[in-house]
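> sharing a sequence plus its predicted fold:
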Amino acid sequence: MKPALGLALALTCLGSVGALLDIPVQQDFLWKKVVGKWYPGAMAKQYPLERTMYAYTTQPLSNGDLVLKIDIPRDGECRRRRMVLYALRLAIFETEDGKITIYFVETDYETYHIVYVEMEDEHFLHLYTKDEAPPEAAKERFLALAQDLNFQSDRIYYANQLGLCTDPPVEV
C-alpha cells in the first residue's frame, strides 16, 4: 500500500480529535441558561503556541443555536465579532464554516463553564467565568478535566485580565 493512501485511510478511520478523546459534555445542558458576559479564566493547549483569550457574551437563539459576541482589543479600541454557533447535538456546537466545534463540557450556569474547542489543527480546553477572577473550585475542575484529556501541565495558562476590552466594542 502506498504511504499516502495508508495515511488517508488511517485518518479516515480515526476521525476527529474529539471523537478519539471521547470528549465529555454536560448531560443536562440547558443552552438558554448560558447567557451573559463570560471572562476567560484558563486555557489548556495542545501546542505551546501563543493564543489570546477573549471575553465574550452569549445569547441563545430560539432554535437552539447560540450567538457569541467576542470582544477583541485591537489597535487601542475594542472590536466585537459576532459568531453564530449551530447546535449539532446536546452541548455540541459548530461554526457555520464547520471549522470550529465547541463542546460544553461542564457548567453550573451561574459562575463558570468549561468548553473544549476543536479546530482543524488544534484543540483547547477553556475555563470561562462570570467574574474576572475564577473561583477556586472551578479552577480545580478545569485542571482535573485538562489532565483527563491529556493536556500537558506546562501548557495550561491562566488568563491575564489586563488585555481585556475596557471600552464599549465596535461591531465588525
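Received it, and whenever you're ready, just let me know what you need. Residues are numbered from 1 along each chain as shown.

> distance of the nearest residue to Tyr47 once chain neighbours are set aside from Gln46?
Nearest-residue entry for Tyr47: Glu122, 6.5 Å, with adjacent residues in sequence omitted and distances by CB to CB, 6 or more residues apart in numbering. Glycine gets a C-beta too; all of them are placed from N, C-alpha and C. Shown here: Glu122 relative to Gln46, a distance of 6 Å by CB to CB, to the nearest Å.

> neighbour-wise, which of these two wins?
Shown here are Glu122 and Gln46; by other CB atoms under 10 Å, Gln46 has more neighbours (17 against 14).

> so Met53 is in contact with Pro134, correct?
No. If you go by CB atoms under 8 Å, Met53 and Pro134 don't touch, sitting 11.8 Å apart.

> who does Leu127 bridge with?
When assigned by DSSP bridges, Leu127 has beta-bridge partners Ala42, Ile114.

> residue contacts, the residue nearest to His113 when sequence neighbours are not counted?
Among residues not flanking His113 along the chain, Thr107 sits closest, at 3.6 Å (CB to CB, 6+ apart). By CB atoms under 8 Å, 6 or more residues apart in numbering, Thr107 lies in contact with Gln26, Phe29, Lys33, Val34, His113, Ile114.

> tell me the confidence at the first one?
We note a pLDDT of 94 for Gln26 in this prediction.

> and it, what does it touch?
Ala91, Phe104, Val105, Glu106, Thr107.

> show me these that map onto helices.
Among those, no member falls in helices (criterion: DSSP state H).

> let's have these in TSV, adding pLDDT and distance to Val84.
As requested, the contacts of Gln26 are exported to TSV (pLDDT from 0 to 100; distance: CB to CB, whole Å):
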residue	pLDDT	distance to Val84
Ala91	96	17
Phe104	97	16
Val105	97	21
Glu106	96	23
Thr107	95	20
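
> present these as TSV; the columns should include distance to His126.
Below are the contacts of Gln26 laid out as TSV (distance: CB to CB, whole Å):
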residue	distance to His126
Ala91	14
Phe104	11
Val105	9
Glu106	11
Thr107	12
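
> on that earlier part again, from the contacts of Thr107, list the buried ones, please.
Buried by 16 or more other CB atoms under 10 Å: Gln26, Phe29, Val34, His113, Ile114, out of the contacts of Thr107.

> from those, pick the one nearest Ala87.
Ala87 lies nearest to Phe29 out of those, by CB to CB, at 10.0 Å.

> mind checking what secondary structure the closest one has?
Secondary structure, DSSP: H, G, I helix; E, B strand; the rest coil: Phe29 is coil.
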